[in-house]
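Sequence and predicted model, in that order:
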Amino acid sequence: MLLEPHPGLRISKFAIGAEGAPLLVIDNAVAAPEKLVNKAARSHFSAQGAYFPGIRTRAPASYEYFLEALLRPLVREHFGMEPGRLQFPMCHYSLVTTPTQKLDFLQRIPHIDSTAANGLATVHYLFRGDWGGTAFYRHRSTGYECIDEARRDIYYQRLQQESQGADAPGPGYIGGDTALFERIAQVDGVFNRIAIYRRNSLHSGIIDNARVPPPDPLNGRLSINSFVDVLD
C-alpha cells in the first residue's frame, strides 16, 4: 500500500502547559486515509499489553515508511532532536473498547509511555464519529507535567499513596480536571489528524464514559498509535 502526504497537509505547533513540552498537530496527513481504514477493517484485532484499554493489530509497514518521511524534517525543528535514525518500537491500529467498570487504577488516570528523553508518540485519528481526542495533564501534588528519569521515583511513590487515598478516582476514564490531575491541553480527534508529542508527557485519551466505543474499525475509535525512538 503506497501512502503519500495529502497536498493540503497543515502543521500547527503548540506548547503544553507551564513546562512547555512541544505538541504538533498535523491535519490532512495522508492523501488517501480510507486505504488505512479499509486495511484495518480486514485485520484481526486482539488485546495486547497490560495497559491499553482495548484491542490492537499491527499497522502496515508502509505506514512506518510514511511516518518516518513525515517526521524526519520535523524532529530537529520542533523537538530539538538530531534525527540520525528513527525506530518504531510500536506502530499499531488501536480501538478503545474496555468498559468503564473493568478499568484498573492506572487506566483511570493520565499516563506516560516512557521516561526517555528521545521518545515521541503519535496518534493518527482515523474515525469520523465523535469519539474524542487526546488530553494532557498536570499532576497536582507534584506539579509535574512530564515524567523523566529524575522525576520517576518521586512521581510513582506519590501516585501509590494517592491510589489508596480519598481522592483516588472511581470507575471510568478520566474526563477532565480531577482532585489528582488538572487538564492543561487537548487535541480534538479529527479524521486524518496526527498528534505528535513526547512520550513522557502525562496524557490520556478523551473517552465518553456514557458511550464507550464499539470494537469496530469502521464505526469505532480507530487510530494508529506509534512510538518513535530518535537515535543518534
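Structure received. Numbering: from 1, shown residues only.

Now whichever strand or helix holds residue 64: average pLDDT?
Element membership for residue 64 (DSSP states H and E) is helix 61-79. This predicted structure assigns helix 61-79 an average pLDDT of 94.

Check which helices and strands that helix is in contact with.
strand 21-27, strand 85-96, strand 119-125, strand 193-198, strand 222-231 (3 or more C-beta pairs under 8 Å, 6 or more residues apart in numbering; DSSP states H and E). (Each C-beta comes from the backbone N, C-alpha and C, glycine too.)

Try it again at 7 Å.
strand 21-27, strand 85-96, strand 222-231 (3 or more C-beta pairs under 7 Å, 6 or more residues apart in numbering; DSSP states H and E).

And stretch 178-194, what's buried?
Across stretch 178-194, burial judged by 16 or more other C-beta atoms under 10 Å covers 178, 180-187, 189, 191-194.

quick one: which of the residues you listed is nearest to residue 39?
Of all the buried residues of stretch 178-194, residue 39 sits closest to residue 192, with 14.5 Å by C-beta to C-beta.

Roughly how far does the residue nearest to the spatial centre of the chain sit from residue 205?
Taking C-alpha atoms, centre = their mean, the centroid of the chain lies closest to residue 123, which sits 5.0 Å from it. Counting by C-beta to C-beta, to the nearest Å, the separation of residue 123 from residue 205 is 8 Å.

cool, and residue 119?
18 Å.

Could you tell me how many residues sit around the closest residue to residue 182 other than its chain neighbours?
Among residues not flanking residue 182 along the chain, residue 138 sits closest, at 4.7 Å (C-beta to C-beta, 6 or more residues apart in numbering). Using other C-beta atoms under 10 Å, residue 138 has 21 other residues around it.
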